[in-house]
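K.L.:
from the sequence below, what's the structure:
(one chain, ligands or ions: 1)
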Amino acid sequence: MTKQDPVSQNLRIQKTFEALFALEDVREIFRGALPSGLNETEEQAFQNKLAELRGLVSELETGTGKPEILKLTGNLPVRDREEACINIQPIQAAGRLTVEARKALIAYGDGYSTCDSCKKPFRLDKIKEQGIADFHGELAEFLNMDQARVVPGARRGFQAVISSLLEKGDVAVVSSLAHYTEFLSVEHAGGIVKEVPLNEKNIITADATAEKIEDVIRETGKVPKIVMIDHFDYQFANEHEVREIAKVSHAYDIPLLYNGAYTVGVMPVDGKALGADFVVGSGHKSMAAAAPSGVLATTEEWAPLVFRTTQMQGDLTGRRFGIKEVEMLGCTLMGGTLFSMMASFPAVKERVLHWDEEVRKSNYLMDRILSISGSRVLSEYPRKRALSKVDTTGSFDKVAQAHKKKGFFLSSELANRGIKGVFPGATKAWKLSTYGLSWEKVTYLGDALTEIAEKYGLGIQDEHAA
Ligand SMILES: *Cc1c(COP(=O)(O)O)cnc(C)c1O
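P.N.:
The predicted structure is shown next:
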């Protein structure tokens, strides 16, 4: 296999987009035409487009041609980050679409495309024809829960649960590393968050949770309505004692919401074994789906409350809306988002089985970073996850102090090597994810970081360079 030089590689990527768009233009001709066939003008336009496409294919073959300026609309450029670069941006790694999902978006991008075969009783999760109803069942099974719904993001899953459970002034116990969307879901319902403190290792323990629940009861005289715990938090991606925390909250008769934004879709999640009453996952963060998408799963015990159906009746018309679910506002993901999630699902089910390999890659890269003297890992180590937070105050930040680009030198050195996703300007504490990258890419990353370190005279300790 011959390696393309980067210029012609980028040109080929660009030409691939041009060819894809040319095919979309062909598709547009069919959309404008009568079902009976193309008229003369359309036929001409069709032939012209095909000729253009043939030209593009030949440019692709030879790696030649001039890049057209591709703007989708206004000043919006084509996004080729995943084709042209190694993207280590932590929130994007596991939301990268599978090829099946990208095809689903092409085919089902039109507005309400899930509604082609919607029949009575008119609810998204009941649609049989496109496999939508089955998918809902499979999602519940995948998480080992009883029922599942798709939601526009994990945050909307929190919102549905919180708004069902909390009245004004009620308390939700959350982690000190809780995501802002957990706060907002509580605020939206007029509730109050109370945070469980971290231990010295930045872990939420069951003991600390029990103490917090006791504190809340003592201070407010009320038992918290829910405990929400991130299995892996977004700041350090440390693993928290979720199973034990579920036991603690159940001892107080408090349901547990398992925040799987960083787990559902990348590692096996067994809701029942974890003792979760609610499992929330993010489609666009961890299930290789388009945004906004996610999943909310629950047990037979809680489903009637959280998935309660409308009771409202119009005073003039007397209309009622049957089995539409209040918290879902009827239907949720009505088009390409759902189909992208469904199209990726077989791959997602398979990839969670290879989580240990992803963790090995993560640890390999951490060891490469640790081999650069002065670098530290702020997350728990060895890593149990693909996302990590590192501290390079003692290494790359020293270089930044003297560099004319200051902190931007690192992201720019990385970008020169085709690596993106490091927060521009960050040289002290920064996050990255190796999720879904091949070993070839992970090794390339390790080599690139070592090379940058050596270029600026930072020491490399070989015992860490695995
Ligand atoms: C990303 C994230 C969320 C929000 O997920 P959305 O699907 O974008 O709503 C919630 N919690 C945690 C821990 C996250 O990392």
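
K.L.:
and the residue lying closest to residue 418 once chain neighbours are set aside, how many neighbours?
P.N.:
Using Cβ to Cβ, 6 or more residues apart in numbering and skipping residues adjacent in sequence, the residue nearest residue 418 is residue 85, 5.0 Å away. In short, each C-beta sits where N, CA and C put it, glycine included. Counted with other Cβ atoms under 10 Å, residues neighbouring residue 85 total 16.

K.L.:
and if you look at residue 125?
P.N.:
20.

K.L.:
quick check: residues of the chain near the ligand?
P.N.:
Within the chain, the residues that sit near the ligand (Cβ under 6 Å from any ligand atom) are 153-155, 179, 181, 230, 234, 259, 261-262, 282, 284-285, 294.

K.L.:
okay if I get those residues as CSV plus neighbour count and pLDDT?
P.N.:
Below are the residues of the chain next to the ligand laid out as CSV (neighbours: other Cβ atoms under 10 Å; pLDDT from 0 to 100):
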residue, neighbour count, pLDDT
153, 22, 98
154, 30, 98
155, 21, 98
179, 22, 98
181, 20, 98
230, 28, 98
234, 20, 97
259, 31, 98
261, 27, 98
262, 28, 98
282, 30, 98
284, 25, 98
285, 27, 98
294, 32, 98
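
K.L.:
now the two most distant members of those residues.
P.N.:
The distance between the two most remote of these (Cβ to Cβ) is 16.8 Å, for 230 and 284.

K.L.:
filter the residues of the chain next to the ligand down to just the ones in strands.
P.N.:
230, 259, 282, 294 (DSSP state E).

K.L.:
any weak-confidence spans in the stretch 351-466 of the chain?
P.N.:
The stretch 351-466 of the chain contains residues with pLDDT under 70 at 463-466.

K.L.:
at 90 what do you get?
P.N.:
Applying pLDDT under 90 to the stretch 351-466 of the chain picks out residues 461-466.

K.L.:
residues contacting whatever residue of the stretch 1-150 of the chain ends up closest to the ligand?
P.N.:
When scored by Cβ to the nearest ligand atom, the stretch 1-150 of the chain has residue 91 as its residue closest to the ligand, at 6.1 Å. By Cβ atoms under 8 Å, 6 or more residues apart in numbering, residue 91 lies in contact with 234, 285.

K.L.:
helix, strand, or coil at it?
P.N.:
coil (DSSP: H, G, I helix; E, B strand; the rest coil).

K.L.:
equivalent analysis for residue 193, please.
P.N.:
strand.

K.L.:
right, and it touches residue 179 too?
P.N.:
No - the pair residue 193 / residue 179 is not scored as a contact, 11.4 Å apart, by Cβ atoms under 8 Å.

K.L.:
tell me, how many neighbours does residue 278 end up with?
P.N.:
Count around residue 278 with other Cβ under 10 Å applied: 27.

K.L.:
follow-up on the earlier one: just the ones of the residues of the chain next to the ligand in helices?
P.N.:
154-155, 181, 284-285 (DSSP state H).

K.L.:
can you list those in JSON lines and add distance to residue 167?
P.N.:
Below are those laid out as JSON lines (distance: Cβ to Cβ, whole Å):
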{"residue": "154", "distance to residue 167": "23"}
{"residue": "155", "distance to residue 167": "21"}
{"residue": "181", "distance to residue 167": "20"}
{"residue": "284", "distance to residue 167": "31"}
{"residue": "285", "distance to residue 167": "30"}
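
K.L.:
which one of those is nearest to residue 37?
P.N.:
Nearest to residue 37 among those is residue 284, at 40.0 Å by Cβ to Cβ.
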